[in-house]
Structure formats: C-alpha cells, structure tokens
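**Q** Need a 3D model of the sequence below.
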Amino acid sequence: MARTSGFSLLELMVVLIIVLTISGAVFQTINMTTQRSAAEQTKVDMFQEAREFMDQMSRDLRQAGYPSPRNYDPAVLTQDPIINDRHAAAGLVKVDAGDLWFEGDVDGSGKVSIVQYHLDTSTANNCPCLKRSQIDKKDGDPLTGQDPASYQVEVQGVQNTNIFSPYTNGAAVGLPVTTATATGTIIAGVDTVQATLTLEGSLVDPQTRKKPVTTLITTVRLNNCSQAAIGYKTSCQ
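**A** Numbers count the residues shown, from 1 in each chain. This next block holds a predicted model:
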C-alpha cells in the first residue's frame, strides 16, 4: 500500500508565521503610506489656506483709502472731520500685532467698507485663528463710531501673535497705531504693511512625529491716504 506524504503541524506553523509576518509588514507599509498621504495633503491644504488669506489681504489693502475725499465734490462730504463721512475711505484705521483695520471700496460696489482682520488667540472653535470682517461704513468715527464687526474665520492653526507690521519709508512703526489723535500723524504716514503668518497642521507627520508648520510673509505697498485728522500729511500726497 502506497504511503501519502503531507505537511507536518510544525511545517504548517512555520508557514503560517512567515505569511503573517509578510502580511504584517505589507499592512504596516500601507498604513504608513496612508498616513503620509494624509499628512502631505494637510500640508498642501494648510499652505493653500495661508496663500489664499495673504492674497485676500493684499487685494483688500491695495484698495485702502479709495475713494478718498479728493474723489468727491466737497458739498457731498457733510461730516466734520471728513474722516467720519461714509463716502470717503479713511485708509488705515488701526494696526496692532493681531489687528488690522482699514477702509476702502474693496469689492467695487461703490460703497466704502470697513475691513477688519483680527487674531483670535482663544482655543475654542478651532482657534487660535485669523478672522475677517467687512461691513458698510456709516457716518461716524472710524475707530469708535461704527457698527460691531461681523467676523468669519479665514485661517486656523495660527501659531504666531505678531502678524501685522507697519512701515513708513522703510522704518518700522511702533504698535499700536490708530486714527486717534495720539498716533494719528503716525498712521497717516504708513506706506507699507507686512504680514507674517505661521500655521501648524492638525495631523502629526508619521515620519517626523510632529505637526507640520509653514510660514508665509507678504508685504503690501499702499496709498494709505489716511485722513487721520484735518491737516495731517498722508503717505499718498
């Protein structure tokens, strides 16, 4: 009678261990690749978000101070001082490390808008984050006489607190500066605003074991035309 041969239990166990080891290595590689892909996508999304914010801010700032009082018949501007008239954009209104306020026709509607960028340093609602507000200007002081801002989140994961830096003829301007009398002459001369933005991603990079960080810097040259107070010389004159 012929004898049939087969695998022994020990051989089956060895094969099973080898298969499990190879399968584990394959699945680990797949998992690592998936995590890396997610991390890289997070980096791309984070950079794109920051880039879009910088582009938006640059477009807004280039319209700061337009239309100026020189674009109107003096009879149209009824407020005294002119800075308070809803028809004329005051230009820069306030610059601080985490705040940038200015007026201008930023959307081509023919109306002057009050645009405010604000750094929310709280940890609620996916912050710290940068927020933007745009509302119509009304007759009144640009700094204290306008409607409350209506903010929307623009960028999340902001890590730095010194976002905005104003300059006059290449020299840094001390912060804060506003259209208030105390610093009105200073803000009226600001001709450049630089924004620095450092963002941290939400996912940990499986290779570095750290959350990805990116930093962008943009510099905007502008015709401020700030009517900080009657008789103040402005950067666009």
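
**Q** which of the residues in stretch 43-59 are buried?
**A** 43, 46, 49-50, 53-54, 56-58 (16 or more other CB atoms under 10 Å). For glycine as for every other residue, the C-beta is placed from the backbone atoms N, C-alpha and C.

**Q** Going by distance to Gly110, which of these wins?
**A** Taking CB to CB as the measure, Gln56 is the one of those closest to Gly110, at 20.3 Å.

**Q** picking up where we left off before, can I get the buried residues of stretch 43-59 in a markdown table including distance to Ala64?
**A** Listed next are the buried residues of stretch 43-59 as a markdown table, based on distance: CB to CB, whole Å:
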| residue | distance to Ala64 |
| --- | --- |
| Lys43 | 32 |
| Met46 | 27 |
| Glu49 | 23 |
| Ala50 | 21 |
| Phe53 | 17 |
| Met54 | 16 |
| Gln56 | 13 |
| Met57 | 11 |
| Ser58 | 11 |
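
**Q** Can you list the low-confidence ranges for the chain?
**A** 1-7, 32-40, 42, 206, 225-237 (pLDDT under 70).

**Q** so of the buried residues of stretch 43-59, which ones are in helices?
**A** Among these, the members found in helices (DSSP state H) are 43, 46, 49-50, 53-54, 56-58.

**Q** what are the ranges of the strands in this structure?
**A** In order along the chain, the chain carries the following strands (DSSP state E): 92-96, 99-104, 113-120, 129-136, 151-156, 164-168, 171-172, 177-178, 192-200, 213-221.

**Q** and the first one, what does it pack onto?
**A** This points to strand 92-96. Under the contact definition 3 or more CB pairs under 8 Å, 6 or more residues apart in numbering; DSSP states H and E, strand 92-96 sits against strand 99-104, strand 164-168, strand 177-178, helix 181-188.

**Q** Starting from it, tell me which strands it pairs with and how they run.
**A** Paired with strand 92-96 in the same sheet, following DSSP bridges, are strand 99-104 (antiparallel), strand 177-178 (antiparallel).
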